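Trainee: What follows is a predicted protein model with its sequence.
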Amino acid sequence: MNTGLLRFGISAFNHPTKQTILHLCQEIKCNVQNPAKLPAVFFISLLLIGCAHPVSPGGGPKDVQPPQVLETKPPNGSPNFIGKKFTITFDEFIQLDNIAEEGLISPPVSEQPDFKVKGKSLVVKFNEELKPNTTYSVYFGSAIVDITENNPVVNYMYVFSTGDRVDSLSLQGEVVDAFNLDPGEGVMVLLYKNNNDTLPFDSLPLAVRPYYISKTDVNGKFMFHGLADESYLIFALADQNRNYIFDQPGEAVAFLDSLVVPQYLEPAIPDTAVADTTVADTAALSLPADSLSADSLKLNPYGLENLNFYSLYLFTHKDTVQKLLKVELLHSYTLRFSFSLPADDVDFKVLNTVLDSSLLLREFSDRKDTVTWYLKPLQVDTLKLLLMYRGDTLEMTKIKLTPREKLTARKKKKRAAEKQYLGWSTNVGKDGVLVLNLQPEILFDQPVTNTYTDSVRLETPHDTIYKPAFVFLDSLHRRIRIPLALEEESNYNLYFPDSAFTGWSGVHNREFTLAFRTKSLREYGKLILSLHPSKSQAYILQMLGQKETVVRQGVFNSDTTIVFEYVDPNKYLLKLIFDDNNNGMWDAGNYLEKKQPEKVLFFMKEVNVRGNWEIEEDWSF
């Protein structure tokens, strides 16, 4: 009996360790004098080497090359495909990485095929009968990688036909977010044939699976191969439930107003991964050179300059059903209700107490989809509400009127003894700077019902003003402004004593001082924009800062000049919204109404505003 085989055990054959190899060497050395045992020792050595998990050799440059296709059986692009499987052989050992997400089969199949790796080969076996006289494309994305460094075979596609000819037309394009033009990564792009006898052509995305499928890459680009010579309806879908049907209200979609036609590409099906290159599609430059949109400066990842390039703008439909989205307790006795639609027609019925105008004030947001309630202290600590919308029950809810906190009895007693104060915020920046063209403002947490400002004082660089004038800016008396002409490089102090303002619920402000300063005019820049639209309509111009937050905004309808003064030195983006319905905001599209989202453009470059400089830019669009 060969005791060496028992000593190594099963694990040694799967993962040979340094100690195992040393032990083998010792066996070989010790048995040189015993030739009868040498074959068994050598057999074990070879078996260990053969079963070892392949790893990259130590030293030398890092492997950055993806696996290369050596052979496909049947050959890629073959007609008259029979059987249910095909094999792809590579020049090195491979493995699959997330094939369920990366892989796509077009036309789609009901059952996922089996993907099995055998050393340097990948075997794909179908689990259902394939359609006759049909060209299939199996797209692997980046799922095929080598086992050493996970280098992916990018965009590899295997194409075959169950008929006597392989459809050889191609189609390319991109999907971008309609609001900010960011690439739509991982979006399904669907093609439909007009072969349904019961449904209108444009209703197919709502009810049936597509005939062909592609998926966008990290740059939002997509590609179809193996298409028949027909016109197709194209539809993009951020498919939440992976059924290839637009059946979820939160799924983002994109569509074109016309059908698309594939084109012939020579060669039709290369037996290699598609090169990941970028080539500017100069034929798609339909806008002036100072504008960027998804319609201009096309980057073609496949280098297919002679193919049409289709752009689809991804959007999520506006909610058409009224819903209560959220109820928040902002502060004690201050509630905020957020709705999916304007809430003018929402009827609030209080079930456990009586509320009238002496106890409640309401405030609507500009879009009227948010309602804030300011309450006076009530005899109940919870409100029971029934919300009705146009005669139908919308929601039944209970709302606590004071914050829920887990406190010990001692802390509860301490909290009850603490005085509640009227909160406030200001337009002074976090750095204590107030821009020279502004005036100090204070926004209170709730409407102010009484003021006592005899002891309020304003300290300026030249004087101290007692009981300075102020004005309320809103009908609920929440926002005040202190008229004041600011001077450069100056410090100001605005002092408010305790109880200068009394809120709706009876709370007062705590004593506070609003200290702020101004900067030199030289520290600001000025941006002068000459705008030249090709047609007259409503436009919104936005100046975007970090994270694309809106810093300044202007509206116009025709040729004009907009000036942004007192701009902090920084780099900014300029965004243009085609406000088709003139409602002062960007609007999404609606597929059921065949309405595209409102168009947006970005200025071709960042605008670098510098202190004490005037920047002038011209923009034609």
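Mentor: Thanks, I have the structure now.
Trainee: roughly how far out does stretch 163-180 sit from the chain middle?
Mentor: Averaging C-alpha coordinates over stretch 163-180 and over its chain gives two centres that are 23 Å apart (Cα atoms, centre = their mean, to the nearest Å).
Trainee: Identify the residues contacting R165.
Mentor: Going by Cβ atoms under 8 Å, 6 or more residues apart in numbering, R165 touches P79. (Each C-beta comes from the backbone N, C-alpha and C, glycine too.)
Trainee: and with 10 Å instead?
Mentor: Residues near R165 by Cβ atoms under 10 Å, 6 or more residues apart in numbering: P79, N80, N133, T135, A228.
Trainee: Only the buried subset of these, as a ChimeraX command please.
Mentor: Command for ChimeraX that selects the buried part of those, burial taken from 16 or more other Cβ atoms under 10 Å:
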select :135
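Trainee: Looking at the contacts of R165, which is nearest L191?
Mentor: A228 (10.1 Å; Cβ to Cβ).
Trainee: which element is the residue nearest to the closest one when sequence neighbours are not counted on?
Mentor: Nearest residue to A228 in three dimensions, chain neighbours excluded: D167, at 4.4 Å (Cβ to Cβ, 6 or more residues apart in numbering). Assessed by DSSP states H and E, D167 sits outside every helix and strand.
Trainee: D167 and F115, how far apart?
Mentor: D167 is 24 Å from F115, where distance means Cβ to Cβ, to the nearest Å.
Trainee: Specify which residue of these two has the higher count of neighbours.
Mentor: D167 (21 against 17; other Cβ atoms under 10 Å).
Trainee: dump the residue contacts of the more buried one.
Mentor: Going by Cβ under 10 Å, 6+ apart, D167 touches 134-137, 159, 161, 212, 225-230, 262, 268.
Trainee: isn't T372 right up against L476?
Mentor: Yes: here T372 lies in contact with L476, judged by Cβ atoms under 10 Å, at a distance of 9.4 Å.
Trainee: Overlap of the contact sets of these two?
Mentor: Contact criterion Cβ under 10 Å, 6+ apart; residues shared by T372 and L476: L361, R362, E363, Q446.
Trainee: could those go into JSON lines alongside secondary structure and distance to D182?
Mentor: Converted to JSON lines, the shared contacts of T372 and L476 look like this (DSSP: H, G, I helix; E, B strand; the rest coil; distance: Cβ to Cβ, whole Å):
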{"residue": "L361", "secondary structure": "strand", "distance to D182": "41"}
{"residue": "R362", "secondary structure": "strand", "distance to D182": "38"}
{"residue": "E363", "secondary structure": "strand", "distance to D182": "34"}
{"residue": "Q446", "secondary structure": "coil", "distance to D182": "39"}
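Trainee: Buried ones only from the residues you listed, please, as a ChimeraX command.
Mentor: Buried subset of these, written as a ChimeraX selection, criterion 16+ other Cβ under 10 Å:
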select :361,363,446
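Trainee: Dump the shared contacts of T372 and L476 to a markdown table, plus distance to G220.
Mentor: Below are the shared contacts of T372 and L476 laid out as a markdown table (distance: Cβ to Cβ, whole Å):
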| residue | distance to G220 |
| --- | --- |
| L361 | 48 |
| R362 | 44 |
| E363 | 41 |
| Q446 | 46 |
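Trainee: Quick check: the closest residue to K215 other than its chain neighbours vs K526, distance?
Mentor: Counting by Cβ to Cβ, 6+ apart, K215 lies nearest to L104, which is 5.5 Å off, once chain neighbours are set aside. Shown here: L104 relative to K526, a distance of 52 Å by Cβ to Cβ.
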